[in-house]
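Peer 1: coordinates only, no sequence provided:
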């Protein structure tokens, strides 16, 4: 079974609008971490936000927030007030303890329209 | 700032050649990882290392080997390159064992095997 599922291969959003990128995960471990990375066309992977399985509150980092629904095993990324520079591939990832590596989803290509 | 460098951004090799991809980090991180990235598949872990001379197989180790003789350097070796190893290769590093240990990525090497 897929550990991380991103069901939206591509998404479009109008500039200045909010957008939600979906991510569901599968684990039986009580302790895990969830990550979102952004990959622009230049190729570098940029860390955006992290949510721990024991965190009581949803993580936020500037315009990024993580809508964490533990019972549903979902960790959706919300980008508020989209900007043209947000156009990129977005990856959801999970770390279980052990092991130490991240397991990535297949990604969502977000395009912000002017 | 963590710096992760990879020896080449673009590489073209011929089938059967031995290929070395080098990754160097300057933050004294224990963990280093090699991923390959293919469209629609996200990032898949090839090998990782949590200490000098230690290595663990990831999800797709076949056709690859690794070497970690020094803490800061992690090499990925394609013993006999094949066309199905044409891909983007990403190196990453992370500190320690905690659930939140952000992975820092290098810029990637786009390898083409002809």
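Peer 2: Arrived safely. All of these numbers come straight from a predicted model, not from anything done at the bench.
Peer 1: report pLDDT for the residue sitting nearest the centre point of chain B.
Peer 2: In chain B, the residue lying closest to the centroid (Cα atoms, centre = their mean) is residue B:34, at 2.6 Å. Note on residue B:34: pLDDT of 96.
Peer 1: surely it meets residue B:43?
Peer 2: No: using Cβ atoms under 8 Å, residue B:34 is not in contact with residue B:43; the gap is 10.2 Å. All C-beta atoms are positioned from the backbone trio N, CA, C, and that covers glycine.
Peer 1: any low-confidence regions in the chain?
Peer 2: Defaulting to chain A. A:1-2, A:98-99 (pLDDT under 70).
Peer 1: wait, chain B
Peer 2: Counting by pLDDT under 70, the low-confidence segments of chain B come to B:1-2, B:98-100.
Peer 1: so which bits of it are right by chain A?
Peer 2: For chain B, the residues in contact with chain A (Cβ under 8 Å from any Cβ of the partner chain) are B:31, B:33, B:35, B:40-45, B:48, B:50, B:56, B:58, B:88, B:90, B:92, B:94, B:97-105, B:107-108, B:110.
Peer 1: how far away is the residue lying closest to residue B:54 once chain neighbours are set aside from residue B:3?
Peer 2: Distances taken as Cβ to Cβ, 6 or more residues apart in numbering or on different chains put residue B:68 closest to residue B:54, at 7.1 Å, once the chain neighbours are dropped. Going from residue B:68 to residue B:3 by Cβ to Cβ, to the nearest Å gives 18 Å.
Peer 1: please apply the same query to residue A:81.
Peer 2: Using Cβ to Cβ, residue A:81 is found at 31 Å from residue B:3.
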